[in-house]
Each structure stands twice: as C-alpha cells, then as structure tokens.
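Asks: need a structure here:
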Amino acid sequence: MTSSDELESLKRAESQQQVLLCLVESGEAMSSQEIADKLNLSVNAINIALFNLNNKGLVDRVGRGIYRYKLGPILVNLLKEYFNS
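Replies: A predicted model of the protein is given here:
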C-alpha cells in the first residue's frame, strides 16, 4: 500500500483515526491500555486498530503492547501534496 492509500483507508476507520491522533497528540509511545483509557474504548478495539495501523506503516511497535506514531508515511504524503501544488 502506498502512503496515500494508507491515509485514504483511514477515512473509513474511525477507531484507527482516533488511535493515530492519540499517539500523535501524546508525542510519546503509549501502551494499548493507556490509549484505551484515554479514548474510553476497549483494549481489544485498540489492539485491533494498532495492528492495522502497524500493517499500514503508520505506527511502530516499540515493546510488548507499546506503540508510537511513525512520521514517515504521512510526511511523504504531505511533501508530495506540497511539491505538486
């Protein structure tokens, strides 16, 4: 999947959007439990969202159940948009 495809697929995945924004806003690696507490969602829902975000290359797993936002794919997409405008 290309970066733009990854971002486009997020439009249809609200829980993934919420998890990604939570990680971006925190600026730090977070556990699935911390994210679940902050978003008032189940840990299972968070784990599914994190699994999908990880497969899309938007988050990195830094430990058991601990993830952080990965700037790369979004930055690439923003730069493409910037340079093509």
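Asks: pLDDT below threshold where in this protein?
Replies: Across the chain, the ranges flagged by pLDDT under 70 are 1-8, 10, 72-77, 79-80, 82, 85.
Asks: all helices for this structure, in order.
Replies: Secondary structure of the chain by DSSP state H: the helices cover 3-10, 14-26, 32-39, 43-55, 72-84.
Asks: need those in CSV with mean neighbour count and distance to residue 63, can you?
Replies: Every C-beta, even on glycine, is put in place using the N, C-alpha and C of the backbone. As requested, these are arranged in CSV below (neighbours: other CB atoms under 10 Å; distance: least, CB to CB, whole Å):
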stretch, mean neighbour count, distance to residue 63
helix 3-10, 15, 23
helix 14-26, 17, 14
helix 32-39, 18, 11
helix 43-55, 18, 12
helix 72-84, 12, 19
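Asks: of the ones you listed, which is nearest residue 61?
Replies: Of all those, it is helix 43-55 that lies closest to residue 61, at 6.0 Å by CB to CB.
Asks: show me what the closest one is packed against.
Replies: In terms of contacts (3 or more CB pairs under 8 Å, 6 or more residues apart in numbering; DSSP states H and E), helix 43-55 is packed against helix 14-26, helix 32-39, strand 59-63, strand 66-69.
Asks: from residue 84, how far off is the spatially most central residue of the chain?
Replies: The centroid of the chain falls nearest to residue 20 when counting by CA atoms, centre = their mean (3.2 Å). Computed with CB to CB, to the nearest Å, the distance linking residue 20 and residue 84 is 24 Å.
Asks: same deal with residue 67?
Replies: Distance from residue 67 to residue 84, by CB to CB: 31 Å.
Asks: cool, and residue 51?
Replies: In terms of CB to CB, residue 51 sits 32 Å off from residue 84.
Asks: and the helices and strands packed on helix 43-55: which comes nearest residue 45?
Replies: Between residue 45 and the helices and strands packed on helix 43-55, the shortest gap by CB to CB is with helix 14-26, which sits at 5.6 Å.
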